[in-house]
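K.L.:
The following comprises the amino acid sequence and a computationally predicted model.
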Amino acid sequence: MRAVVQRVGKSSVTVDGQVVGAIESGLLVLLGVAPEDTSKEVEFLAKKIVGLRIFEDDAGKMNRSLDEIQGEMLVVSQFTLYGDCRKGRRPSFISAAPPELAEKLYEEFVSAVDMLGIKIATGKFGAMMDVALVNQGPVTLIVESK
């Protein structure tokens, strides 16, 4: 699994003109799934992202995690994170999981984060989405399960 994690002041996802998910302070997570991923990767990535110490403490140091600041998470499925642009001009997506597996593990990830006590919102799997965010810092990280 691969995630692009952005620290945000707020973020939202709109599908067909309707907001389907929105958060205030917390993390926007763009989540990609590979064909070999399992529930083991889901559990690892959920705990890793929730525990990342990327929020400022009283001294202004990145020393607090999402759960410590009682932040929220917006999770958006993003198969293009496995796009390969090394050859030609059109990305290849053969390294992305098929939709059935990707959706299953995406839903497992959302449940795992929820079980960790984080308020969570989502986009709509497989839909064309407009994602809006206010990146704070900016802080953007790539987190992988392998």
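P.N.:
Looks like it came in fine. Residues are numbered from 1 along each chain as shown.
K.L.:
okay, CA-based contacts and neighbour counts for the rest of this
P.N.:
OK.
K.L.:
For this protein, which segments count as strands?
P.N.:
Along the chain, counting by DSSP state E, strands occupy 2-15, 18-23, 26-32, 55-56, 62-64, 72-77, 119-122, 130-144.
K.L.:
Just put those in CSV and tack on distance to residue 83.
P.N.:
Formatted as CSV, the strands of the chain follow (distance: least, Cα to Cα, whole Å):
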stretch, distance to residue 83
strand 2-15, 11
strand 18-23, 25
strand 26-32, 10
strand 55-56, 30
strand 62-64, 31
strand 72-77, 14
strand 119-122, 22
strand 130-144, 14
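K.L.:
In JSON lines: those strands, plus mean neighbour count.
P.N.:
Formatted as JSON lines, these follow (neighbours: other Cα atoms under 10 Å):
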{"stretch": "strand 2-15", "mean neighbour count": "21"}
{"stretch": "strand 18-23", "mean neighbour count": "17"}
{"stretch": "strand 26-32", "mean neighbour count": "26"}
{"stretch": "strand 55-56", "mean neighbour count": "16"}
{"stretch": "strand 62-64", "mean neighbour count": "14"}
{"stretch": "strand 72-77", "mean neighbour count": "26"}
{"stretch": "strand 119-122", "mean neighbour count": "19"}
{"stretch": "strand 130-144", "mean neighbour count": "15"}
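K.L.:
closest one to residue 43 among those?
P.N.:
Closest to residue 43 of those is strand 130-144 (Cα to Cα; 12.0 Å).
K.L.:
Determine which of the strands of the chain approaches residue 92 most closely.
P.N.:
Ranking the strands of the chain by proximity to residue 92 (Cα to Cα) places strand 26-32 first, at 14.3 Å.
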